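Peer 1: output the structure for:
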Amino acid sequence: MDHSRRTFLSGAAGIASLALGAAYTAPEAHAESTGNTAPAAARDGGHAVAREPFAVRSADGVILTGEAQGDGQAPEILFIHGLRQSRLSWEKQFADPALAGFRMVRFDLRGHGDSDKLASFDAYSDADRWADDVAAVIAGARLRRPVLVGWSLGGFVVGAYLRKYGGSAVAGINLVDAVTKLSGDLLTEEAATFTRTCTSHDLAERIAATAAFLAACFHRPPPVVEMQRMLGINGMTARAVNEGFIKTQTSDLEPVFKAYAGPILLTHGVHDRLVRIAMSDRIRSIHANSRLSLFSESGHSPFYEEPIRYGQELAAFVTAANND
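Peer 2: Sure, this is the predicted structure:
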């Protein structure tokens, strides 16, 4: 790989590090028991809402851990988090009354949270493996036609899924400050710096960089308790994820999104220090049935920073996508 390619791939991986049925059934994918006898519960108007834990096996044997919530016959949303994050990134959405009428599913990406963490770089550099993970969750959670929500690296994962499996089983796509093309001019210099420091083999440097990049994900810092939880989650992510991803040969997923026939909602924080608004605007410009929604009080995480507005817009989008 030449130096220029390594440079823009490294920048893209930095943002990825910042910051998952039956319409499709993968023969390799199946649900497995999590061993939990009592599901967790969210609150909905003062009432407990059951959360159903599950685990699925992806095509290469990786076990992915997730949970579902809501009426199994309701319109579906599959949330895909960013690299070094986890399914807990979507906690505000799972507790949002505006989204209570939907079937919501979230999971930990490979190498993250409670999902398997392979040491091989190939486990994270091959876009098809990310695609297979989404297919495994769709099949294992018995989703019929979900809206896919992809935040940061999650946008790349959504594109990888469309690239391999097509979009006929997807009602719509919500890209949230998403990486859709690995290009240095669409990511910030700060993101590129985090690629180097967050993958450092010097433990002290890596820990300091992790705290710094997490702070860069927000326009205003979250409460201390929540930041502590996020730092813990970030520390659980295998370093091989970051180092493997920069070796990917799938650098441009814009043609995949252009070809997708369904609607796309593009959500982007105005104060994002990592992914430039131009990344989302490019998708808007090449996809006729798309809309860009800018969040003026948000950085890289508008679903967290402005959750009420985000939930309302996502609910409206999912409803419309399922009525088309």
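
Peer 1: mean confidence (pLDDT) on stretch 126-144, please.
Peer 2: Across stretch 126-144, the average pLDDT comes to 97.

Peer 1: I'd like to know how many residues surround residue 216.
Peer 2: Burial of residue 216 is recorded as 21 neighbouring residues (other CB atoms under 10 Å). In this view, the C-beta of every residue, glycine as well, is placed from N, C-alpha and C.

Peer 1: show me where the stretch 201-324 of the chain has its strands.
Peer 2: Assigned by DSSP state E, counting those that start in this stretch, the strands in the stretch 201-324 of the chain fall at 264-269, 290-295.

Peer 1: and the last one with strand 264-269, angle?
Peer 2: I take that to be strand 290-295. With axes from the mean of the first three to the mean of the last three CA atoms, to 10 degrees applied, the angle from strand 290-295 to strand 264-269 works out at 20 degrees.

Peer 1: partner strands of strand 290-295, with direction?
Peer 2: Strand pairing for strand 290-295, determined by DSSP bridges: strand 264-269 (parallel).

Peer 1: with only the CA atoms kept, save the strand it pairs with in CSV.
Peer 2: The C-alpha trace of strand 264-269 is given here as CSV (Å, rounded to 0.1, in the frame of the first residue of the first chain):
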residue,chain,number,x,y,z
ILE,A,264,-32.0,8.0,3.4
LEU,A,265,-32.0,10.4,6.4
LEU,A,266,-28.6,12.1,7.0
THR,A,267,-28.2,13.4,10.5
HIS,A,268,-25.1,15.5,11.3
GLY,A,269,-23.9,17.6,14.2
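
Peer 1: low pLDDT regions in this structure?
Peer 2: For the chain, applying pLDDT under 70 flags the ranges 1-48.

Peer 1: determine the longest helix present in it.
Peer 2: The single longest helix within the chain, with elements called by DSSP state H, is helix 307-323.

Peer 1: what helices or strands is that helix leaning on?
Peer 2: Counting contacts by 3 or more CB pairs under 8 Å, 6 or more residues apart in numbering; DSSP states H and E, helix 307-323 packs against helix 91-94, strand 147-151, strand 172-176, strand 264-269, strand 290-295.

Peer 1: buried sites along the longest strand anywhere in the chain?
Peer 2: Counting by DSSP state E, the longest strand found in the chain is strand 47-57. By 16 or more other CB atoms under 10 Å, the buried positions in strand 47-57 come out as 49, 51-57.

Peer 1: so, if you compare these, which one comes nearest to residue 237?
Peer 2: Top of the list for closeness to residue 237, among the buried residues of strand 47-57 and by CB to CB, is residue 55 at 18.4 Å.

Peer 1: ok, what's across the strand from the closest one?
Peer 2: With DSSP bridges as the rule, residue 55 is bridged to residue 32, residue 65.

Peer 1: so it is in contact with residue 64, correct?
Peer 2: Yes. Between residue 55 and residue 64 there is a contact at 6.7 Å, judged by CB atoms under 8 Å.

Peer 1: rewinding a little: closest to residue 317 out of the buried residues of strand 47-57?
Peer 2: Within the buried residues of strand 47-57, proximity to residue 317 (CB to CB) peaks at residue 49, which comes in at 21.5 Å.

Peer 1: list the helices and strands the longest strand of the chain packs on?
Peer 2: So strand 47-57, by 3+ CB pairs under 8 Å, 6+ apart, packs with strand 31-32, strand 41-44, strand 63-69, helix 127-140.

Peer 1: mind putting the ones you listed into CSV with mean neighbour count and distance to residue 316?
Peer 2: Listed next are the helices and strands packed on strand 47-57 as CSV, based on neighbours: other CB atoms under 10 Å; distance: least, CB to CB, whole Å:
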stretch, mean neighbour count, distance to residue 316
strand 31-32, 15, 31
strand 41-44, 14, 19
strand 63-69, 23, 20
helix 127-140, 25, 23
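
Peer 1: which one of those lies closest to residue 180?
Peer 2: helix 127-140 (12.3 Å).

Peer 1: chain center to that closest one, what's the gap?
Peer 2: 13 Å (CA atoms, centre = their mean, to the nearest Å).

Peer 1: same deal with stretch 74-82?
Peer 2: Distance of stretch 74-82 from its chain centroid, counting by CA atoms, centre = their mean, is 9 Å.

Peer 1: what residues sit buried inside it?
Peer 2: 75-82.

Peer 1: one more: stretch 221-234?
Peer 2: Going by neighbour count (16+ other CB under 10 Å), the buried part of stretch 221-234 is 222, 230, 233-234.

Peer 1: reformat the helices and strands packed on helix 307-323 as JSON lines; add distance to residue 243 and mean neighbour count.
Peer 2: Putting these into JSON lines (distance: least, CB to CB, whole Å; neighbours: other CB atoms under 10 Å) gives the following:
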{"stretch": "helix 91-94", "distance to residue 243": "28", "mean neighbour count": "19"}
{"stretch": "strand 147-151", "distance to residue 243": "21", "mean neighbour count": "29"}
{"stretch": "strand 172-176", "distance to residue 243": "25", "mean neighbour count": "29"}
{"stretch": "strand 264-269", "distance to residue 243": "27", "mean neighbour count": "25"}
{"stretch": "strand 290-295", "distance to residue 243": "32", "mean neighbour count": "17"}
